[in-house]
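Engineer: Here is my input, please return the structure:
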Amino acid sequence: MLPRLAAALLISTLPLAAQAASCSDTGGQYNDWKSEMAAEAKAEGVGKRGIDALMATSYSKATIGADRNQKSFKYSLEKFLQVRGADTIVQQGRSRKAKNAGFYDSLEAAYGIPAGVLIAIHGMETGFGGFMGDTNVVAAIATLTYDCRRSDFFRPHLIGALKMVDKGMISAKTVGAKHGELGHTQFLPGNAYTYGVDGNGDGVVDLYNQADALATTANYLKKKGWKPGKGYQEGEPNFAVIKEWNAAKVYQQAIAIMAAKIDS
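Structural biologist: Numbering: from 1, shown residues only. Presented below is the predicted three-dimensional model:
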């Protein structure tokens, strides 16, 4: 009995990470991992619809390919602005602000975020909703959670995605970007679930609705510490909050530059 007791005590004192679903650098064990992950997700409050969505996914080679090939963030600022069409975003952004001044004023009144910042993010992320992705959101996030490179980072977003399915915020068939970002401003699911706002008052948080997406973006920036009325250029107080949106320096600089031009 003593050896068995000792073994049981050893198992009970293992770190939780050692008992978590195992990551892999290839897709060969993905189906086994899904079963392990489903059990963990259920323990964290994910319901049947979310679990079914996870189990229906396939390993996304397109997502892994994109994750290994993010070249644009290595460009100089000048090259990045050119490649991402900054001049067009600014031109269209000014027009959008003028046509919907009341809407953007209401967001600034509620959250303290200037129109230019929200519009620059919207333009940069999806060309103002022109292209919001072509990859299954749940499959992309599940694949990145299964992949060893950044498993710990993506795991909360997988749980968020599955809970969004449970609540009807997305479905098992919803498509987004290659890394599972969704909607007009490309929120990762964990953030969409946590910071989602009903911007048009219909009782539903839908990041594929422009009003909801922009209100959610404003709410996210506010919750991350945006200081109303303070500057957002590099070196100013709110630039640190733009960093919370995207980790790439050139992206942060581009948003600040375009936003200032849109608001000028």
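
Engineer: Quick check: nearest residue in space to residue 233, chain neighbours excluded?
Structural biologist: residue 256 (5.1 Å; C-beta to C-beta, 6 or more residues apart in numbering). C-betas here are computed from N, CA, C, even on glycine.

Engineer: Pretty sure that neighbour sits in a strand.
Structural biologist: No: using DSSP: H, G, I helix; E, B strand; the rest coil, the secondary structure at residue 256 is helix, not a strand.

Engineer: residues contacting it?
Structural biologist: 232-234, 239, 242 (C-beta atoms under 8 Å, 6 or more residues apart in numbering).

Engineer: got any ranges where the chain has weak pLDDT?
Structural biologist: Residue ranges of the chain with pLDDT under 70: 1-20, 70-73.

Engineer: In it, which residue is most central in space?
Structural biologist: residue 188 (1.6 Å; C-alpha atoms, centre = their mean).

Engineer: For that residue, give its distance to residue 259.
Structural biologist: 21 Å (C-beta to C-beta, to the nearest Å).

Engineer: Now residue 39: phi and psi?
Structural biologist: Per-residue torsions, residue 39: phi -60, psi -40 (degrees, to the nearest 10).

Engineer: How about residue 182?
Structural biologist: The phi and psi torsions at residue 182 (degrees, to the nearest 10) take the values phi -140, psi 150.

Engineer: Just the strands from the stretch 51-200 of the chain, written as ranges.
Structural biologist: Counting by DSSP state E, counting those that start in this stretch, the stretch 51-200 of the chain has strands at residues 135-136, 175-176.

Engineer: longest helix anywhere in the chain?
Structural biologist: If you go by DSSP state H, the chain has its longest helix at helix 151-167.

Engineer: Would you mind pulling the contact partners of it?
Structural biologist: 23, 37, 41, 44-51, 53-54, 137-138, 141-142, 144-145, 170-172, 180, 188-194.
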